[in-house]
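Peer 1: Predicted model and sequence below, questions to follow.
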There are 2 protein chains.
Amino acid sequence: MGDEGEWLPQPEIEDIELVKVLHALGDPVRLWLLKVYAGGEAFSCAPDALGIGHLHKSTVSHHMRIMREAGITSTRAVGRNRYVQLRRDDLDARFPGLLDALLESLPY
Amino acid sequence: MGDEGEWLPQPEIEDIELVKVLHALGDPVRLWLLKVYAGGEAFSCAPDALGIGHLHKSTVSHHMRIMREAGITSTRAVGRNRYVQLRRDDLDARFPGLLDALLESLPY
DNA sequence: TGAATGGTTTGACGTTGGTCAAACCATAGA
DNA sequence: TCTATGGTTTGACCAACGTCAAACCATTCA
C-alpha cells in the first residue's frame, strides 16, 4: 500500500547511445511498441493489450527489456504490473528532434 | 568518355521503409559511414579512404550495399570508381527532420 | 494457505548478420 | 595485349537475434 513500485534498471541519460537506440528500433515489433508507448503509459505487458497478440509473452518481455536497456523506455514495477513509458524528455535532451521525427515518420 | 556511369539499384522514394533505415543505421560501421557521406560525395570505397582501414574491402562493399538498398545512399558507377552520396532530398521528403536530427546526434 | 495471475528467465532452435579470404569481373594503363 | 587495380560476389565461420516453451518468481486473492 502506498508503494510506488521499483524502477527497473536503465541507462543514465549520458549513457544512452545513438547506435543502440537505432538498433533497438530497427525491428518491426519494437517500432510498433514505440508507437504504442507514444500514445501514453502502458500498464500491461500482455501481448494482446499491446496489439501483438501473435507473439509469446516471453518474447514481448524480451523486446521490452531491449528498449529499456537502450534508454528508450522506463519501467516501474508495481505488484504484478509494469508501468512502461517513453523517456521523452531524456531522449529529447540527448538527441534533439530525433524522437519527434521518428514519431512523425511511423507507418500506418 | 563522357560517360556519366550507371546508377546501382536502389529503392524508389515511396519504397524506403523506416524500419529498414533504422536497422541499417543500427550498426557502428554504417553509422560512421553516414557521417562520412554527410561530409560530401565519396568517390572511393577503399577502407582506408573511409576511415575504416581495419575492415576488409569486401566487408565495406557489404555495408555500402545495405545502406544503398535501405535507401540511405545512392551510387553511381564510373569506370572502377563508385560515387556515393547521401539521398538527402529523398530522406527529407520521406522522413522530415529525421536525417538532420541524426546528423546532429552523431557521436565525436 | 493454496491457487491463479502477470512477468521474467533459461534453454533450445533456426535465421540473420558481420567478417574475412579467395575468386571473380571490368576498367585503366603500360 | 598484358598487367595492375577498384569493387563485387561467393562461401565459410561464428556471433547475435527473434521466437517459443517450460520453469520460475512474486503478488494477489479466495
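Peer 2: Structure received. Numbering: from 1, shown residues only, chains lettered A, B, ... in the order given.
Peer 1: What spatial separation is found between residue A:66 and residue B:71?
Peer 2: Distance, residue A:66 to residue B:71, by C-beta to C-beta, to the nearest Å: 24 Å. For every residue, glycine as well, the C-beta is placed using N, CA and C.
Peer 1: who's more crowded, the two?
Peer 2: Counted by other C-beta atoms under 10 Å in any protein chain shown, residue A:66 and residue B:71 do not tie: residue B:71 has more neighbours, with 23 against 18.
Peer 1: what's the burial count for the closest residue to the more buried one other than its chain neighbours?
Peer 2: Closest residue to residue B:71 apart from its sequence neighbours, by C-beta to C-beta, 6 or more residues apart in numbering or on different chains: residue B:16 at 3.5 Å. Counted with other C-beta under 10 Å, residues neighbouring residue B:16 total 19.
Peer 1: how about the residues of chain A near DNA strand C?
Peer 2: For chain A, the contact set with DNA strand C under C-beta under 7 Å from any atom of the strand comprises A:8, A:43-46, A:57-58, A:60-62, A:64-65, A:75, A:77, A:80-82.
Peer 1: In chain A, what residue spans correspond to strands?
Peer 2: All strands of chain A, identified by DSSP state E, fall at A:6-7, A:73-78, A:81-86.
Peer 1: For the second one, buried residues please.
Peer 2: Put plainly, it is strand A:73-78. For strand A:73-78, a neighbour-count test (16 or more other C-beta atoms under 10 Å in any protein chain shown) marks A:73, A:74, A:75, A:76 as buried.
Peer 1: swap in stretch A:58-74?
Peer 2: For stretch A:58-74, by 16+ other C-beta under 10 Å, it's A:60, A:63, A:64, A:66, A:67, A:68, A:70, A:71, A:72, A:73, A:74.
Peer 1: Looking at the residues you listed, which is nearest residue A:106?
Peer 2: Using C-beta to C-beta, residue A:72 comes nearest to residue A:106 of these, at 13.8 Å.
Peer 1: So the closest one is in contact with residue A:25, correct?
Peer 2: Yes: between residue A:72 and residue A:25 there is a contact under C-beta atoms under 8 Å: 7.4 Å.
Peer 1: shared neighbours of the two, which are they?
Peer 2: Listed contacts common to residue A:72 and residue A:25 are residue A:34; contacts here mean C-beta atoms under 8 Å, 6 or more residues apart in numbering or on different chains.
Peer 1: Give me the residues contacting the lowest-mean-pLDDT helix or strand in chain A.
Peer 2: Within chain A, no helix or strand scores below strand A:6-7, which has a mean of 94 by mean pLDDT, DSSP states H and E. With contacts defined as C-beta under 8 Å, 6+ apart, strand A:6-7 is touched by A:74, A:75, A:76, A:77.
Peer 1: For the third one, name its beta-bridge partners.
Peer 2: Think residue A:76. Under DSSP bridges, the beta-bridge partners of residue A:76 are residue A:7, residue A:83.
Peer 1: how close does it sit to DNA strand D?
Peer 2: To DNA strand D, residue A:76 is 13 Å away according to C-beta to the nearest atom of the strand, to the nearest Å.
Peer 1: re earlier: I'd like the buried residues of strand A:73-78 written out as CSV, with distance to residue A:87 and pLDDT added.
Peer 2: Below are the buried residues of strand A:73-78 laid out as CSV (distance: C-beta to C-beta, whole Å; pLDDT from 0 to 100):
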residue, distance to residue A:87, pLDDT
A:73, 6, 98
A:74, 5, 97
A:75, 10, 97
A:76, 12, 96
